[in-house]
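# Below are the sequence and a predicted model for it; my questions follow.
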Amino acid sequence: MRAKLEGDQRNDVLKQLESNGWKITDDRDALAKTFLFKNFNQAFGFMTRVALLAEKLDHHPEWFNVYNKVQVTLSTHDMNGLSTYDAQMARFMDQCVSGTTDDK
């Protein structure tokens, strides 16, 4: 179930995600991370895997791709901030790239 991240739950989730390279954006309540891949095929494959989950959850990331780099921003617009879906998507992305990227 989707819910806004608040209080201790938010702090716990952010601590875990920040240890994996996610950062809170300066301009709004959102998570951001840049993934670097070996080549375009890996980057596009990553985006395809994430797109399947995004469709299933009806929760779509903001992202930008150039060759082997994918910049991702996650936020739940109708909740005006971070939700459990953003945390789920971030963890899924980290699992997808385990061993295939140079995270930045």
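Looks like it arrived, so ask away.
# what's in contact with stretch 46-56?
Applying Cβ atoms under 8 Å, 6 or more residues apart in numbering, the external contacts of stretch 46-56 come out as 35, 37, 60-61, 63, 65, 70, 89, 92-93, 96-97, 100-101. To be clear about C-beta, it is placed using only N, CA and C from the backbone, and glycine gets the same treatment.
# So which bits of that stretch are buried?
Neighbour counts using 16 or more other Cβ atoms under 10 Å place Phe46, Met47, Val50, Leu53, Ala54 of stretch 46-56 among the buried residues.
# now that we're looking at the residue nearest to Gly81 when sequence neighbours are not counted, which residues does it contact?
In space, not counting the residues next to it along the chain, Gly81 is nearest to Asp29; the distance is 3.7 Å by Cβ to Cβ, 6 or more residues apart in numbering. Going by Cβ under 8 Å, 6+ apart, Asp29 touches Ser75, Asn80, Gly81, Leu82.
# So which of these are in helices?
Per DSSP state H, helices hold no members of the contacts of Asp29.
# ok, the residue positioned nearest the centre of the chain - contacts?
Note on the chain: the residue nearest the mean C-alpha position is Ala90, at 3.5 Å, using Cα atoms, centre = their mean. For Ala90, the residues meeting the contact criterion (Cβ under 8 Å, 6+ apart) are Leu17, Asn20, Trp22, Leu31, Lys33, Leu74.
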